[in-house]
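**Student:** okay, sequence plus prediction incoming.
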Amino acid sequence: MPAKDVPAIDPDSRDTLAAFGASLTQLEPIGAAVRGLNLASPTPPPAKVVQALEYTMAERGFVVFKNESPLAAKDFLQASCWWGGKELHSTHGVHPATPGGNPHLFRLSNDHHHGIKGVGPQWHNDGSFNADTFSHAGYHMVRAPEQGGGTHFASQAAAFDALQPELKTYWSRLSSVNATSGVVHPVVHTHPLSKRSCIWLHLGMTGAVIEKAEDQNAFRLLDANELRDLCHQYNDILNAGLTHGYALAYEYEDNDCIFIDNLAVAHRAAPEAHLSAREQGLRIMHRSTVRGVQNLIPDFGLPIQLNIFGPSPLGDGIWQGGGLGFRWDDNVPMQN
């Protein structure tokens, strides 16, 4: 798919930041860079600046603040609350090296002495176990590795547009069931700001997928072959963005701070991010997650949550509770 399906930065948004003394620069093929906006400010920018950046995230997936000096953990968390639900919503453990033992900082590293290793090798969105899944997430690169180790980001609206018509129709009838919570999410949803159709599936935490019958109010579970095909197709369409202009392999610099729209862009750790500190140089990242502003639920009558650990309510098909969900490819790491 050509990159024209990822909208350019809105000129009004660029002008709004310029009036505040900051710049908004388009990255290619997705994302945008912000300079001149102080994330350590005790007060957030004016509402119109925040809205311009939220709109940019909705359209282009993420914004990266290029910071010339280190950013304190408390300032990173404070800036995370500029977006979406404007309140931190954390659901992870605390690593011993986390500054101040702050439960809102998810500390990641390629050295287990410095953070949690091996996180996020598959395409996913954060917080798929919540009905009101995180509106935004933040990634602060405390220490960038010397040999790569970035994050892949893919526009989920552009990925939907890249699907064949029959898959657009089929996927729009599907809902995923989270393997840890039983929360039900549509595989295709309409983004609240951009109003574009976006695909949305966690490849490492899906316990079942439900299909609504095409012409009646009936439901069935996908079987193992169907679910395996769906996961491969989802993985493939996002991977294709790296060569077709709707995904980016972003390489961090020290003090980069990225904020994503969690309903608009999928992400995964680049394979190099899981190399050891000896091979790659030490990598330390802090992640934040922001409370959602609405439930992401199917619009055709399924409940918000099902008992994924109980018997299947829909007969035969994959119905699998447990943290890693359905194993769709034996060659793909299944750690979340």
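**Tutor:** Everything's here; your move. Numbering: from 1, shown residues only.

**Student:** residues in contact with V290?
**Tutor:** Each residue near V290 by CB atoms under 8 Å, 6 or more residues apart in numbering is listed here: 80-81, 83-89, 134-138, 262. Every C-beta, even on glycine, is put in place using the N, C-alpha and C of the backbone.

**Student:** that one bridge partners, please.
**Tutor:** Beta-bridge partners for V290, by DSSP bridges, are L88, H136.

**Student:** count the neighbours of H113 for me.
**Tutor:** By other CB atoms under 10 Å, 11 other residues sit near H113.

**Student:** kindly check the end-to-end length of stretch 218-231 for me.
**Tutor:** The straight-line separation of the ends of stretch 218-231 (CA to CA, to the nearest Å) is 23 Å.

**Student:** repeat for stretch 103-123
**Tutor:** Taking CA to CA, stretch 103-123 runs 25 Å from one end to the other.

**Student:** ok, of the contacts of V290, which come out buried?
**Tutor:** Judged by neighbour count, with 16 or more other CB atoms under 10 Å as the criterion, the buried members of these are 80-81, 83-85, 88-89, 134-138, 262.

**Student:** show me which pair in those is furthest apart.
**Tutor:** Using CB to CB, the two most remote members of the buried ones among the contacts of V290 are C81 and N262, lying 14.7 Å apart.

**Student:** isn't Q26 right next to V34, touching?
**Tutor:** No - when contacts are counted by CB atoms under 8 Å, Q26 is not listed as touching V34 (11.3 Å).

**Student:** what's the next secondary structure element after the longest helix seen in the chain?
**Tutor:** If you go by DSSP state H, the chain has its longest helix at helix 224-244. For helix 224-244, the following helix or strand on the C-terminal side (DSSP states H and E) is strand 247-250.

**Student:** residues of that next one that come out buried?
**Tutor:** The neighbour-count check on strand 247-250 (16+ other CB under 10 Å) flags 247-248, 250 as buried.

**Student:** ok, back up a step: neighbour count: Q26 and V34, which is higher?
**Tutor:** Neighbours per residue, other CB under 10 Å: of Q26 and V34, the larger number sits with V34, 21 against 15.

**Student:** what helices or strands is the helix or strand that contains the more buried one leaning on?
**Tutor:** Take DSSP H and E as the rule and V34 turns out to sit in strand 32-35. In terms of contacts (3 or more CB pairs under 8 Å, 6 or more residues apart in numbering; DSSP states H and E), strand 32-35 is packed against strand 23-26, helix 47-60, strand 62-65.
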